[in-house]
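Asker: sharing a model prediction with you, sequence too.
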Amino acid sequence: MARRRVKDPNASNEEIHLRVDTPPPCTRCDGPALLLARFPHSWTNSNGQRIEGLRESTLCSVCDQGKRDTEALLQLLTVCDRLDATDFEAFGGLVAAWVESLRQEYVDLDLLASNHDQWHRGEL
């Protein structure tokens, strides 16, 4: 399976672009990723403006293990050698749920500032 588009049922007219055949390595551990998702993402900058853009995330069997929104997707991708028509419908729903969980992740700015201060003092 090369590239696929999955319609995100939680977002109006948004498509999730997937790369399953040769995704890049996991962005967190540099190990092999199972898939790459590219999807619309927005955030509010420090001036209060809404910024629209695209985000890419990899699904990793090591880094994403044990996460509620990824377990079923990981099982489907690691157990099934090829997805058939019945698996593909479930796959689309699982990918949409995973992407929605990614959209809910935000940087903890207080923790980031604390880590920056510790690093600046040589404590990290």
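Answerer: Received, thanks. Numbers count the residues shown, from 1 in each chain.

Asker: quick check: the residue nearest the centre of the chain vs H17, distance?
Answerer: Among the residues of the chain, the one closest to the centroid is S57, at 3.8 Å (CA atoms, centre = their mean). Distance of S57 to H17, computed by CB to CB, to the nearest Å: 12 Å. Quick note: C-beta positions are derived from backbone N, CA and C, even for glycine.

Asker: and for R103?
Answerer: R103 is 15 Å from H17, by CB to CB.

Asker: neighbour-wise, which of the two wins?
Answerer: The residue with more neighbours, out of R103 and H17, is R103; 18 against 15, by other CB atoms under 10 Å.

Asker: so what touches stretch 28-47?
Answerer: Contact with stretch 28-47 is made by 8, 11, 14-20, 23-26, 50-63, 74, 77-78, 95, 98-99, 102-103, as judged by CB atoms under 8 Å, 6 or more residues apart in numbering.

Asker: could you do stretch 54-61 as well?
Answerer: Stretch 54-61 has contacts (CB under 8 Å, 6+ apart) with 23-29, 31-41, 70, 73-74, 77-78, 98-99, 102.

Asker: restricted to buried residues, select those residues in PyMOL.
Answerer: One line in PyMOL is enough to select the buried ones among the contacts of stretch 54-61; burial here means 16 or more other CB atoms under 10 Å:
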select buried, resi 23+26+33+34+35+36+37+38+39+40+41+70+73+74+77+98+99+102
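
Asker: phi first, then psi, for Q104.
Answerer: phi -90, psi -10 (degrees, to the nearest 10).

Asker: count of neighbours near it?
Answerer: Count around Q104 with other CB under 10 Å applied: 7.

Asker: report the contact partners of it.
Answerer: No contacts exist for Q104 under CB under 8 Å, 6+ apart.

Asker: quick one: pLDDT of it?
Answerer: What the model reports as pLDDT for Q104 is 82.

Asker: got it, and A90?
Answerer: For A90, the predicted pLDDT is 85.

Asker: contact partners for the nearest residue to it once chain neighbours are set aside?
Answerer: Sequence neighbours aside, L76 is the residue nearest to A90 in space, at 6.7 Å (criterion: CB to CB, 6 or more residues apart in numbering). L76 is in contact with L83, D87, A90, F91, L94, counting by CB under 8 Å, 6+ apart.

Asker: thanks a lot, catch you later.
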